[in-house]
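Enquirer: Okay, predicted coordinates and the sequence, questions at the end:
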2 protein chains.
Amino acid sequence: MRRYRGDGSATRQTADIDVLQRWPGLVDSGVDQEFLAWFERRVHATSCSVDRIPLAQMRSWHLDASSGNIRHSSGRFFTIEGLHTRTTHGTVPEWSQPIICQPEIGILGLLVRKHHGALQCLIQAKMEPGNAKMMQLSPTVQATRSNYTRAHNGSATRYLEYFTDPQHHTVLVDVLQSEQGSWFLRKRNRNMIVLVEEDIAVDDGYRWTDVRDLRRLLRVEQLINMDTRSVLSCLPDGDRDEPDTTHLLRWFTEVKSRHEVTTRQTSLRDIKGWQYGPERITHDSGLYFDIIGVSVTTAGREVVEWDQPMLFPHGQGVSAFVVKKFDGVTHLAVQARFQAGVQDAAELGPTVQCTPSNFPRHPPRFLDYVLGAGADRVLFDSVLTEEGGRFYHSENRYMLIEAGEDFPVELPPDFCWASVHQLKALLRHSYYINVEARSLLACLQAVGSDR
Amino acid sequence: MRRYRGDGSATRQTADIDVLQRWPGLVDSGVDQEFLAWFERRVHATSCSVDRIPLAQMRSWHLDASSGNIRHSSGRFFTIEGLHTRTTHGTVPEWSQPIICQPEIGILGLLVRKHHGALQCLIQAKMEPGNAKMMQLSPTVQATRSNYTRAHNGSATRYLEYFTDPQHHTVLVDVLQSEQGSWFLRKRNRNMIVLVEEDIAVDDGYRWTDVRDLRRLLRVEQLINMDTRSVLSCLPDGDRDEPDTTHLLRWFTEVKSRHEVTTRQTSLRDIKGWQYGPERITHDSGLYFDIIGVSVTTAGREVVEWDQPMLFPHGQGVSAFVVKKFDGVTHLAVQARFQAGVQDAAELGPTVQCTPSNFPRHPPRFLDYVLGAGADRVLFDSVLTEEGGRFYHSENRYMLIEAGEDFPVELPPDFCWASVHQLKALLRHSYYINVEARSLLACLQAVGSDR
């Protein structure tokens, strides 16, 4: 019996792909020919096809009769469930939505070394089914617990032991951080950076790359994946002075105390305002996102096939920090960003964080400001994607915008100026800085690297 | 129609009460006659009766037909719901239980002043229905949002404005902290300490008390309430050097990553292993706790009556830190305490935190050690109660035990040595130190005050 394999929207990876055509930003990125040759080799070594398929036809995934949620037949990986939220914050007092639940903690691990005075990262060229351009640069290890305890029946995770048993090395970063609070329910991953002094064998899938180069590559659209950005943002900046975060933390406590957010997991079948069809789950308005099915086939050294549900966001998002110097010190306008899926109602997010098409009438505060900024105020502007293992063709435009004279020094109540140094200090702790803000903090270092 | 008013287990407060008989520890507490006279006056000024009544007869509270949970007819205050937990930690992989849900953030606020070189706190003598001895010493303000937005239709909360609008004063502490993770679902309160320089009018219900005296009074059984202990523990110790918490935080990240805890709110009617009767909710084994109803009448300047559900714990709990000096610096053996109701699976708790009667066969680690310690190793030992607004006749034996030569320097994986200074530094942030550990940190300062 021939299975129905999708609607023709397949993404395929073949040996014909022109890397510089697919990632034109690579031309001016400043990386050397050796790097380009390596990346081209990796793109051509992996063939991959991703087909959209109806939810009802996914192998090993089904709508569980008792819970009413989408789950894997093994009970592992993740589930898609319903979530009902009530809040006193914002203009929408309650809503229901599908949400991805993944209680296990994965490892996003980056190996680094010192090489001729430069810090180098061991990055990986990695295929993820949700990436429109398929291949991205990811950390050394990017593995859920299901991955590395072999629930996939796949091969062992390379270099995992440096993170699970790092005692002979120097751990520079080891902290739990949140991920997309509108799409994941209290998801968190362990962000780790481990410094090695020994020589280690490097497979062709991996490459030592200067942190400086990696930061420059953030300007190349859809190349550096979300996990790399998240981990890079946590790298300490070497300044050991502890900044005074008292004022910032008090403001944040006060904002959190002012609002209530209560959530309740429900059956996916019961969520109001959404259509659960055999093809996909979609909102009545056509906004926000769909839950779709994909069928993935990759062929490298071995052929691997699987199906899975993915969240397909509608419309390109915008995440932007407005940046301003006070007494010569760079500050960012952070927002207490309330989201249904975060651990404690709100985390510190960018000045603007939204999908503009979801707000046809009333654009969120400062959106017009950042989109309308003149070229001389745009420090960074690049379209990057979110987690390609869960999100299908997600696109976020990440921007750093210098504040003009017309930008208010006194911010509205949900906003506060924070120095980069303060935010770096808070990154030692979990759940202060959301994943979009972490991406932008990594991008801010790219701006520094240019100059 | 005469309403059934309880089973005879009423607690009544009358003018006949002998304060020194009820709180014998006051005799040797070192507080002066003026304080005793004030406290006696307060005890005699308030008459109060608390009767146990059947759940089904509570006025304004009912089992909601659609949600299956106990709620107030206004929809406010708190609800009692079901919670189903699965975890890879410990010996019980899954269970159901009733849990108190209170999403709103309350204020636990302490006003302090400097007076003749001493730091003084404005404490309140406050009746709470769950306290077996009725009256306890509480912070200046102890109010849920429902309280101070007047959902009770009661009088305005005295001194509230110092905490909601503190801009003319010095805010010493302002941080969200968790409460009992086995009884509350992600409950948190805003712990605040505000330093005032102006003279303020003090009602007879309140009294300026030296912090030193307050700490000594922690040794008096069932006198200083949980909220006072929690707020006191957050008071900075004046040492501005930031201790290095890197090792401690990495250990904590690693322990949290090793285990999964997933919870799901359910209907209270659906929880397995519990009997929902008209009188009370009780576990099949008779262990853990009951959910009961109480009817409260207080008469001071005005008569106030209300009914409410309460959680009635079975058996006295034990919360104990084992204390040891390393290079002259006091360290505590902290435990990564996994509990269903905390924000992120685990917080740092005492070395021992359990209700021994819940473990008839296999006592938790180090319980025998702390209970068997010789008198020369017992630095602190006092029975204190938990939140008297939600818990009925709860009792916890708080202990600080000096480690003997027989106590291991190398601790089991879920435990780690932490200095007091490290824990104080982490108290600037939310959800690191659980409420039992915070109580003990306040008690540890009492030990310091003795010497």
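Expert: Cool, got the structure.
Enquirer: Identify each buried residue in the lengthiest helix in chain A, please.
Expert: The residue-count maximum for a helix in chain A (DSSP state H) belongs to helix A:435-450. Of all the residues in helix A:435-450, those buried under the rule 16 or more other C-beta atoms under 10 Å in any protein chain shown are A:435-447, A:449. To be clear about C-beta, it is placed using only N, CA and C from the backbone, and glycine gets the same treatment.
Enquirer: where exactly do the strands run in the stretch 1-150 of chain A?
Expert: Counting by DSSP state E, counting those that start in this stretch, the stretch 1-150 of chain A has strands at residues A:11-13, A:47-53, A:61-63, A:70-72, A:79-87, A:94-101, A:106-115, A:118-127, A:135-138, A:141-143.
Enquirer: Just put those strands in a markdown table and tack on mean neighbour count and mean pLDDT.
Expert: Listed next are the strands of the stretch 1-150 of chain A as a markdown table, based on neighbours: other C-beta atoms under 10 Å in any protein chain shown; pLDDT from 0 to 100:
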| stretch | mean neighbour count | mean pLDDT |
| --- | --- | --- |
| strand A:11-13 | 17 | 59 |
| strand A:47-53 | 21 | 92 |
| strand A:61-63 | 17 | 95 |
| strand A:70-72 | 22 | 97 |
| strand A:79-87 | 20 | 97 |
| strand A:94-101 | 20 | 97 |
| strand A:106-115 | 22 | 97 |
| strand A:118-127 | 20 | 96 |
| strand A:135-138 | 24 | 97 |
| strand A:141-143 | 24 | 94 |
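Enquirer: The ones you listed: which one's closest to A:Leu311?
Expert: The stretch from the strands of the stretch 1-150 of chain A with the least distance to A:Leu311 (C-beta to C-beta) is strand A:94-101; that distance is 6.3 Å.
Enquirer: helices or strands up against the closest one?
Expert: Counting by 3 or more C-beta pairs under 8 Å, 6 or more residues apart in numbering or on different chains; DSSP states H and E, the packing neighbours recorded for strand A:94-101 are strand A:79-87, strand A:274-276.
Enquirer: number of nearby residues for A:Ser146?
Expert: Residues within reach of A:Ser146, counting by other C-beta atoms under 10 Å in any protein chain shown, total 17.
Enquirer: Can you pull the phi and psi angles for A:Arg188?
Expert: Backbone geometry at A:Arg188, expressed as degrees, to the nearest 10, gives phi -150, psi 150.
Enquirer: Identify the bridge partners of it.
Expert: Under DSSP bridges, the beta-bridge partners of A:Arg188 are A:Ser178.
Enquirer: Tell me if I'm right that it and A:Gln180 touch.
Expert: No - counting by C-beta atoms under 8 Å, A:Arg188 sits too far from A:Gln180 to count as a contact (11.3 Å).
Enquirer: rewinding a little: among the helices and strands packed on strand A:94-101, which is nearest chain B?
Expert: When the helices and strands packed on strand A:94-101 are ranked by proximity to chain B, the top entry is strand A:79-87, at 8.7 Å, counting by C-beta to the nearest C-beta.
Enquirer: Using PDB, write out the CA atom coordinates for the closest one.
Expert: Coordinates of the C-alpha atoms in strand A:79-87 are reproduced here as PDB (Å, rounded to 0.1, in the frame of the first residue of the first chain):
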ATOM      1  CA  THR A  79       2.900  15.900  23.300                       C
ATOM      2  CA  ILE A  80       0.700  18.500  21.800                       C
ATOM      3  CA  GLU A  81      -2.000  19.400  24.300                       C
ATOM      4  CA  GLY A  82      -4.600  22.100  25.000                       C
ATOM      5  CA  LEU A  83      -3.900  25.100  27.300                       C
ATOM      6  CA  HIS A  84      -6.500  27.500  28.700                       C
ATOM      7  CA  THR A  85      -5.100  30.800  30.000                       C
ATOM      8  CA  ARG A  86      -6.700  33.600  32.000                       C
ATOM      9  CA  THR A  87      -4.800  36.700  32.700                       C
END
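Enquirer: Do any residues in it lie close to chain B?
Expert: No - in terms of C-beta under 8 Å from any C-beta of the partner chain, no part of strand A:79-87 sits within range of chain B; the closest distance is 8.7 Å.
Enquirer: Endpoints of stretch A:42-58, how far apart?
Expert: 29 Å (C-alpha to C-alpha, to the nearest Å).
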